[in-house]
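Engineer: here is a sequence with its predicted model. Questions after.
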Amino acid sequence: MAGRTARLVLLAGVAAIAHCSQGDREPVYRDCVLQCDKRNCSGDALKHFRSRQPIYMSLAGWTCQDDCKYECMWVTVDIYLQEGHEVPQFHGKWPFSRFLFFQEPASAAASFLNGLASLMMLCRYRTFVPASSPMYPTCMAFAWVSLNAWFWSTVFHTRDTDLTEKMDYFCASTVILHSIYLCCVRTVGLQRPAVASAFRVLLLLLLTAHVSYLSLVRFDYGYNLAANVAIGLVNLVWWLAWCLWNQQRLPHVRKCVAVVLLLQALSLLELLDFPPLFWILDAHAIWHISTIPVHVLFFSFLEEDSLYLLKQSKAIFKLD
């Protein structure tokens, strides 16, 4: 929920200034890539590369040029370390040790585990919450949207391309917007369905315009940052205000308060931004790992709240 907001803000800010980084600006890196490309990525040498490339690497889209960049990255890192300099970034990223076809193994694994947690809680929600609960359709839709976002996060950390980067950003934005819609339905829509329907159309139009601009005009990291800060603030303030207003009457909303505050606090891990431990585990991966139990807590809140609403609706029906 809120954690996707914080992640987008931090990633967009970093990407806006780090598309070219110290490492890939180095002449030694550029010359290494150029020579490697000439030596290995054309003619018979390219055929030889393809014949010895593991099938899982080719299926994941790793090319000869990608391998050149990877090998030359480590050549440059070794030079930096030998000369006593700090580890540089390359193309806006720290150097990671590739595992099989996973470009960022720890972040990919953590994203997968977040998705698995979402899937397990989705199944639990379906098991324990009857479809007659007023919030059932909206909560189920949110669960699927979240699951989709974690799928693309896993893909992006497995293989960073223009497409996977955009899908990661767009799906994360979709989660935030759907969280706002979920909050709208819970706070207003159950009493005024027409308002929720109109608000849903507005959010869909906003998402369409957002994705269209970034896809068809230009991928503007500054605009993406501003847009996600805006919708993120709406999401946080709305949820938090409703929870605080109802915490005495509805004790289970304290779980939602804890989720909002924890995700904001945990997102500060991203600010630590240090070279990966063992060339695998960086601050971003640690943040992803830390959010797994928080997602479980939020779905637990949705489950309890849905059961409360179902009980309330049955009581009203009996009175009528």
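Structural biologist: Good, I have the coordinates.
Engineer: and Asp44, how far is that from Val253?
Structural biologist: In this view, Asp44 and Val253 are 67 Å apart by CB to CB, to the nearest Å. Quick note: C-beta positions are derived from backbone N, CA and C, even for glycine.
Engineer: cool, Gln191 as well?
Structural biologist: Here the distance between Gln191 and Val253 works out to 17 Å (CB to CB).
Engineer: settle it for me: which of those two has more neighbours?
Structural biologist: The residue with more neighbours, out of Gln191 and Val253, is Val253; 22 against 8, by other CB atoms under 10 Å.
Engineer: any idea of the pLDDT on the closest residue to the more buried one other than its chain neighbours?
Structural biologist: Leaving out its chain neighbours, the residue that sits closest to Val253 by CB to CB, 6 or more residues apart in numbering is Cys243, at 4.4 Å. pLDDT, Cys243: 92.
Engineer: I'd assumed Val257 was in contact with Cys243.
Structural biologist: Yes - under the criterion of CB atoms under 8 Å, Cys243 makes contact with Val257 at 4.7 Å.
Engineer: those two: which is more packed in?
Structural biologist: Cys243 (21 against 16).
Engineer: which stretches in the stretch 151-300 of the chain count as strands?
Structural biologist: Counting by DSSP state E, counting those that start in this stretch, no segments of the stretch 151-300 of the chain form strands.
Engineer: any stretches of it with poor pLDDT?
Structural biologist: Within the stretch 151-300 of the chain, no stretch has pLDDT under 70.
Engineer: now with 80, please.
Structural biologist: Low-confidence segments of the stretch 151-300 of the chain, defined by pLDDT under 80: 221, 267-273.
Engineer: residue ranges of the helices in it, please?
Structural biologist: With DSSP state H, counting those that start in this stretch as the criterion, the stretch 151-300 of the chain has helices at 162-184, 193-212, 221-246, 253-266, 283-319.
Engineer: please tabulate those helices in JSON lines, including the columns distance to Val145.
Structural biologist: Formatted as JSON lines, those follow (distance: least, CB to CB, whole Å):
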{"stretch": "helix 162-184", "distance to Val145": "5"}
{"stretch": "helix 193-212", "distance to Val145": "11"}
{"stretch": "helix 221-246", "distance to Val145": "13"}
{"stretch": "helix 253-266", "distance to Val145": "16"}
{"stretch": "helix 283-319", "distance to Val145": "13"}
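Engineer: many thanks, I have nothing further to ask.
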